[in-house]
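Asks: Quick one: sequence plus predicted model below, questions after.
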Amino acid sequence: MTNSKGVQRRSLGGLFHRAATLALLTLMAAPAWADYALNLTQGVSEFSERVYGLHMLILWICVVIGVLVFGAMFVSMYLHRKSRGHEPAQFSHSTKAEIVWTVIPILILVGMAIPATNTLVYMHQTGDSDMTVKITGYQWKWKYDYIEDDVSFLSNLDSASNSARQLNSGIDPATVDDYLLNVDNRVVLPINTKVRFLITADDVIHAWWVPDFGWKRDAIPGFVNEAWVEIKEPGIYRGQCAELCGKDHGFMPIVVEAVSRPAYQAWVDEQKQEQLVAEQNVERDWSQEELVAHGQAVYEAQCAACHQLNGQGLAPAFPALAGSPVANGPTEDHIDVVVNGRPGTAMQAFGDTLNEADIAAALTYTRSAWGNKASDTIQPRDVRAAKRG
Amino acid sequence: MSTAETTHHDQDDHHDHGPAKGLSRWVFTTNHKDIGTLYLLFSLAMFFVGGAMALVIRAELFQPGLQVVEPDFFNQMTTMHALVMIFGAVMPAFVGLANWLVPMMVGAPDMALPRMNNWSFWILPFAFAMLLSTLFMESGGPAAGWTLYPPLSLQGGDSFAFVIFAIHLMGLSSIMGAINIVATILNMRAPKMNLLRMPLFVWTWLITAFLLIMVMPVLAGAVTMLLTDRYFGTSFFNAAGGGDPVMFQHIFWFFGHPEVYIMILPAFGIVSEIIPTFARKPLFGYVSMVYATASIAFLSFIVWAHHMFTTGMPLGGELFFMYATMVIAVPTGVKVFNWVATMWKGSMTFETPMLFAVGFVILFTIGGFSGLMLAIVPADFQYHDTYFVVAHFHYVLVTGAVFSIMAAAYYWLPKWTGNMYSETLGKWHFWLSVVTVNLLFFPQHFLGLAGMPRRIPDYSVQFAEFNMWSSIGGFAFGLTQLIFLYIVLKASFGKRTEQLPDRVWEGAKGLEWTVATPAPYHTFDEAPDFRDEDVAHGDVAH
Amino acid sequence: MAHADGGYYIPHGTRWPIVGSIGLATLTASAANFMNGNGDFWLIMMLGGLAIVLFMMWGWFGTVIRESEQGTYSDQVDVSFRMGMIWFIASEVMFFAAFFGALFYARQFVIPWLGGDGTGLATQQFLWPTFEAAWPTNGPEAIGGEFALIPAFGLPLINTLILLSSGVTVTLAHHALRHENRRALVVWLAATVALGFLFVGLQSWEYVHAYQDLNLKLTSGIYGSTFFMLTGFHGLHVTLGAIMLLVILGRCLRGHFTPQHHFGFEAVAWYWHFVDVVWLGLFVFVYIL
Ligand code: HEA
Ligand code: HEA
Ligand code: CUA
Ligand SMILES: [Cu+2]
C-alpha cells in the first residue's frame, strides 16, 4: 500500500517540481541557471523523495497563504488610502472572522502533520537492515567501519581542494574538480540494499549529511545514532559535515559511491587485499628513507590540518612540531602522544584510526623534518608494542 | 481628529527636577527617559559593531576560496556577530523602548525601581567590554557558535571564562530590567488604566518580561555547567562520566527558544501601535491580540527541541515537538490577520514608521513560513544547519525585530527629541533597506536548499553566484543603515527648528501623545485623567 | 535630592549601581584570569572585586534602610519592592530548575541510554559494552574513581529538620513582629539565624567528610557533578540568606520595622522559605531517591 501511494506521490511531486522551478525561474532573472540548484534535491532514496514531496507541499501551502494575505494587504493599501479620500471605518472586532481565521489554519496544519508523521515513522524503521556501516566523526575527517565486511578506513578532504582552500592560496577553486566536495577515500555502498548507519564521534559533535539520502544525523561523542538508506540508483553522492566542529568544519566532506552489488563485493575484496599488505608492512623492517617518504604523505593528510605543512602549528591552539621537545625527545613519549592523544584537547588518539606503519612513518618524518634533530627511526613494531602497552 | 488638548504643560514648574549636568547625569541617572536613551544609543552602537562582523562574514563568503580571514577567525566572527546582535543590539533596544514608553503609556511618573533601572543598564557596557575584549586575546574570541555547544566550546582558549561571565552579567542585567518592567506595569498604572486598556506594546512587554525572568536564569545555569565542566572537572556534558553533550542543547534551547520570542513579542507590540495610527482606525481584535501573545509565550516553553531534530531523539519526542511548534502558527496567524484587518477600510498614509511596519508584517510572515517549514521534522532533516535556517532567522530577526525597532525609532523620535526627521530621507532609508535586505537574505533560502551548510568560511563553487548576490546585498544594506544613523543623530543632537504638537501623528492614540513634545524630563507626576478614546487603539470600551 | 510627587518616591541620582558594575566586572574578569592559571595576583583582584560588591550592597541597602526608616516609602513603593522580590525569587527558582533538570535528564534518559535502553542499544554495544545503568554512577569510565554515598537518613535528615524548624522560627518571629512583641521577635529571629548557620556548618562538615572519607567529589562523574552543584548552590543561598537574616536581626535590635511596615523582614523571610523549599527538593531527589 505504501508503495502504490509512493509512486503516485512521486509523479505528482515531479509536476510540482517543474512548476516550482519555473515559478522561481521567472521570479528572479539571472544568467546561467542550469549550473546550480534552486531547490531541494529529490534524492535517490524513497525517504528523500518523500521529504521532497513534503517540502513542496508545505512550500506551496505557504505560498498560497502568502498570496492571499499579502494580496489583501496590497488591495487595502491601494484602495483604503487617505490620498484617495477613503474615510476610515471604525469597526474593531468580529468574532466570526476571528473564529474563521483560527480554525482554518488549524485544519491546514493538521493536513501537513499527517504526511509528516507518516514519513517520520517510516524513517525511524532502522530494523531489518542488510548491512551496517559505523561512521565516526573526527576533527576533521570521517572514519568508516563496515561491520560485517570488516573494512575500515579514514576519509579526508582531497589534497587538490586542500591546497586550494588555504588562505590566499592563489589557486582558483573553479579549477579544482568538486572543490571541497571531494575526498581521498570514498564510501562505497551497494544499491538496493538497506544500509544501516551507526553514527558517532570521537571528539566534538559532527553531523553526517548526504542531501541525496534525505537526512542528516548528528555524530555525538559517547553516543551512537542510527539512520538508514536504501539507495535506488548508482552514482556519486556528495555531502558535508553539518555541525560546527571547529576551524575546519567546512572542510570535512563526504562522498558516497553507490554501485551494484557485485561491484561492491569486488571493492570489498580489494580492500581486504590492501589490508593484508598493510598487515605485512607492520611486521617488516622499514628503511629510514622509506619511512620518511611515506611519513610525509601521512603527515600531510592527517596532521597538517592542525600542525601545518611547515610544522609550525597554529599558535596558541595547535603547538609547533618543529623544535617541539616531544618530537625531539625520547621515542616512547613521542609515540605515546600520537597513539593515545591528549584527552580533552583536539589531539586525538591516532592509535584508533591509523595503522602502525602510518604512525611510525609520520613520527619518523616529524623527527627529522623542519630542522628537528632526532633522525632516528621508529619502526611499526615499536608502535605496535606501545599500543599493546 | 486633530491635536488633542492637553493639561500637562504645568509640569514646567518643576525646573528644580531637570537633568543633572555633564557626564554624571548619565552615569548616576534614575530617570526612565535618560536610561531609555542610554539603552537605545548603546544598542545602536552594538548594531554597528555586530553588523561590521557580519560584513567580515559576507566579505569572506563573497566568492569561493579563502581570501580575507582564517577559518578560526571566521568562526569567531559568526559567534560574536550573533552574541552582539542578540544581547547587545536587539534586546537592549527593546528594553530602551520599554524604558521610554512604558511609564508614559501607563501614566506612571517613572519606572517602579529607578535605582535598579540604572544598574540594569550600567552592567551592559562592562559585560560587552569583557565579551569584545576576548577578540584581542591570544587565543581569540569564542568560536563555537552563539549556541556554545559542548564539547566544541570547551576546546576554546582563555576567552572561554570571560565569555561565560559576560553572559552571566548580561543575564543579570536582563533579569533586573524585566523585574522592573513587570513591577512598573503591574503597580504603577494610572488608576483608570486597567489591564485591558493598556496599549499592546505594554502588554507584549509584560509577557516578554515574564519570559525573561523564566529563561535567563536557565541560560545562566547552562553556561555555569559549561564553566565547571571546563575548569572544575564536572561531567555534565561528558558521556564518559555519565553526562551527555545533548543535555546542554536541551537546557540551552529551553532558554533559546523563548529567547527568540523575547526578540519578537515587543516587535508585535510596536507594529500594533503604529498600524492603527496610520490607518486611522482602531486596532482590530485587541483582546484576541492579548490572548494570542500569551499563547505564543506559553507555547514557547514547550517547543525547544525543534532545534535538535537531528540529534536523534526518540520518535515520540520528535512528534511532540513538531506538533507543538506547528501550533504556534495559529496565534501568530491571528496577529497577522488582525493587522491586515486593521488596515482594511482604514484611511492610510505611509509615513516612514508605517512603511517599516508594513514591511515588517510581510517580511516577518515570510520568515514565519520558513519557520513552519523547519518545524516539519523530516524536512528539517534536510534544512537543519543549512543557509535555509540562516535565511529563516534573519527574516524574523532583521526584517522582523530590527525593522520594528526602526519603525519605533521613526514613530517616537519626534516625541523623544522634539525634532521631526526628514520624511524624504526616511523613505530612502526604507526603500533601500527593503530592496537590499531581500537581496541579502532571500538567496540564502536557495543556498540552503541546494545544500550549503551554515557556519562555513568557504564553499564549493556551485554556491558562488547566490553568495555573491547575498554579499552585495549585505554591504548595500549596511551602507543604507548609515542613513538611519544620520537621521537619528540629527534628530537627537540637531538644533530644534519648530515646535511640534503634542500629538505628533494625526491618528496617534495613547498617553504618550498627551504630553508635550519633546516629552518633559518628568511626566505624570500626578496620575493622568483620560477618556477611553484617548488612550488605546481598539475596542477597549466594553 | 529627591521628590515624591503623587506619593511615589523617585530617587534622583544614585552612585551605587556604577560601583556595583565596577565591582562585578573586577570580580568576574579576575576570576576568569585566575581560572586560566594566570597567577595568584588575580585571586587578590578577585577578592578586591568582591569587596567592592559588598561595599556597594552595604551602601545601597544602607540608603534604602535609611529612607525606609524616614518614612519615604508609600504603600505603592512597598508593593513595587514586593513585586521585585517575588520575581527575583522566581528567577532563582528557574536557576535551580536548570540543575534539577540536568539531574532528571541524566537519570531518566542519559544513564539508561548509556546502559543500552531504548535508542541506546547501539551506544552500549559499540561504545560502553561493560557499562550497566544504575544510579548513582560516575559513568562508563568511572570518572573520579569509586565513591561512597552520604546516606539520606543521617546528617541530611538532621539538616532537613534544622531548616524546617528554622522556617517555623522565622514565622514565629514574624508573628511577634506583627503583634509588637519585640523580645519574642529578637529571640525567634536569633534562633533562625543560629539554625541557618548550623545548617551551613553541618553541610561543610559533610563536604569534608565526602571528600576525605568517601572519595565523593565534584569530579565524581555525573553523580558528583549534580550532587555538589545542587547542594553547593543551595548552600551558598543558605549562607546568603543567613547573612541577610543577621542584618535583619541587627535592624530589629535597633528598633526598625513596625507591625504594619516591615518589607525588609518579609523579603528575607520569603527568601528563607524559598531556600527551605529547594532543600526539600534536594532531600527528596538528591539524597533519598
Ligand atoms: C525573532 C525570532 C524568531 C521567530 C519569531 C521565530 C519563529 C519561528 N521559528 Fe525560528 N529560529 C530563530 C528565530 C525565530 N524563529 C532563530 C534565531 C533560529 C536559529 C537558531 C540557531 O540555530 O542559531 C531559529 C530556528 C528555528 C528552527 C530550527 C531549525 C533548525 O536549526 O533546524 C525551527 C524549527 O522548527 C524554527 C521554527 C519557527 C517557527 C515555527 C516559528 C513561528 O513562530 C512562526 C509563526 C509565523 C507564521 C507561520 C507566519 C504567520 C502566520 C500566518 C499567516 C497564519 C497562517 C499560516 C499557516 C497555517 C501556515 N525556527
Ligand atoms: C538580531 C540578530 C541579528 C541581526 C540583526 C543580524 C544581521 C545580519 N546578519 Fe546575522 N546572525 C544572527 C543574528 C543576527 N544577524 C545569528 C543568531 C546568527 C547565527 C550565528 C551562529 O551560527 O552561531 C547569524 C549568522 C549570520 C550569518 C551566517 C554565518 C555562518 O553561518 O557562518 C550571516 C551570513 O551571511 C549573517 C549575516 C548578517 C548580515 C549581513 C546582517 C545585516 O543585517 C547587518 C546589517 C548591519 C550592518 C552591516 C552594520 C551597519 C554599517 C556599518 C558597520 C558601517 C559600514 C558599512 C559598510 C562599510 C558597508 N549572520
Ligand atoms: Cu565535522 Cu563539522
Ligand atoms: Cu525555536
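Replies: Nice, I can see it. Ligands and ions are numbered 1, 2, ... in the order given.

Asks: In contact with the residue of the stretch 101-250 of chain A found nearest chain B, which residues?
Replies: The stretch 101-250 of chain A approaches chain B most closely through A:Gly222 (2.2 Å), counting by C-beta to the nearest C-beta. Every residue, glycine included, has its C-beta placed from N, CA and C. Contacts here follow C-beta atoms under 8 Å, 6 or more residues apart in numbering or on different chains; on that basis A:Gly222 touches A:Thr200, B:Asn238, B:Ala239, B:Ala240, B:Asp244, B:Pro245, C:Leu114, C:Thr123, C:Leu127.

Asks: Isn't the first one up against A:Asn225?
Replies: Yes: taking contacts as C-beta atoms under 8 Å, A:Thr200 lies within contact range of A:Asn225: 7.1 Å.

Asks: picking that back up, which of the contacts of A:Gly222 fall within strands?
Replies: Mapping the contacts of A:Gly222 onto strands (DSSP state E) picks out A:Thr200.

Asks: Dump the contacts of A:Gly222 to CSV, plus distance to ligand 1.
Replies: As requested, those are exported to CSV (distance: C-beta to the nearest ligand atom, whole Å):
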residue, distance to ligand 1
A:Thr200, 21
B:Asn238, 23
B:Ala239, 23
B:Ala240, 27
B:Asp244, 19
B:Pro245, 16
C:Leu114, 26
C:Thr123, 23
C:Leu127, 26
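
Asks: Do you know the pLDDT at the residue of the stretch 101-250 of chain A closest to chain B?
Replies: Listed pLDDT for A:Gly222 reads 94.

Asks: what does B:His392 give?
Replies: For B:His392, the model assigns a pLDDT of 97.

Asks: and A:Thr95, how many neighbours?
Replies: Applying other C-beta atoms under 10 Å in any protein chain shown, we find 9 residues neighbouring A:Thr95.

Asks: if we can go back for a sec, and the residue of the stretch 101-250 of chain A closest to chain B, how close does it get to A:Glu332?
Replies: Distance from A:Gly222 to A:Glu332, counting by C-beta to C-beta, to the nearest Å: 29 Å.

Asks: Packing partners of the host helix or strand of C:Phe81?
Replies: C:Phe81 belongs to helix C:75-105 when assigned by DSSP states H and E. Packing partners of helix C:75-105 (3 or more C-beta pairs under 8 Å, 6 or more residues apart in numbering or on different chains; DSSP states H and E): helix B:159-187, helix B:200-231, helix B:245-262, helix C:221-253, helix C:263-282.

Asks: Pull out the buried positions in it.
Replies: Of all the residues in helix C:75-105, those buried under the rule 16 or more other C-beta atoms under 10 Å in any protein chain shown are C:77-85, C:87-103, C:105.

Asks: any weak-confidence spans in chain A?
Replies: A:1-36, A:389 (pLDDT under 70).

Asks: Please work out how many residues are found near the closest residue to ligand 2 within the stretch 351-500 of chain B.
Replies: At 2.6 Å from ligand 2, B:Gly478 is the closest residue in the stretch 351-500 of chain B, using C-beta to the nearest ligand atom. For B:Gly478, the neighbour count with other C-beta under 10 Å is 17.

Asks: pretty sure it is touching B:Gly51, no?
Replies: Yes: between B:Gly478 and B:Gly51 there is a contact at 5.5 Å, judged by C-beta under 8 Å.

Asks: Can you find which helix in chain A contains the most residues?
Replies: helix A:46-79 (DSSP state H).

Asks: what distance separates it from the middle of the whole chain?
Replies: 30 Å (C-alpha atoms, centre = their mean, to the nearest Å).

Asks: One more: stretch B:165-180?
Replies: Put simply, stretch B:165-180 sits 15 Å off its chain's centre (C-alpha atoms, centre = their mean).

Asks: One more: stretch C:282-289?
Replies: 17 Å.

Asks: Now do that stretch: distance from first to last residue.
Replies: In terms of C-alpha to C-alpha, to the nearest Å, the two terminal residues of stretch C:282-289 are separated by 10 Å.

Asks: Is there proximity between that stretch and chain B?
Replies: No: Stretch C:282-289 lies out of reach of chain B by C-beta under 8 Å from any C-beta of the partner chain, never closer than 15.0 Å.

Asks: Give me the buried positions along that stretch.
Replies: For stretch C:282-289, by 16+ other C-beta under 10 Å, it's C:Leu282, C:Phe283, C:Val286, C:Tyr287.

Asks: What of stretch A:253-261?
Replies: A:Pro253, A:Ile254, A:Val255, A:Val256, A:Ala258, A:Val259.

Asks: Then stretch B:410-430?
Replies: Using 16+ other C-beta under 10 Å as the test for burial, stretch B:410-430 gives B:410-422, B:426, B:429-430.

Asks: So is that stretch next to ligand 2?
Replies: No: Stretch B:410-430 stays clear of ligand 2 (C-beta under 6 Å from any ligand atom), getting no nearer than 12.3 Å.

Asks: List the contacts of that stretch.
Replies: Taking C-beta under 8 Å, 6+ apart as the rule, stretch B:410-430 contacts B:33, B:37, B:97, B:100-101, B:270, B:273-274, B:277, B:351-353, B:355-356, B:359, B:406, B:480, B:483-484, B:486-488, B:490-492, B:494, B:496-500, B:504-505, B:512-513, B:517-519.
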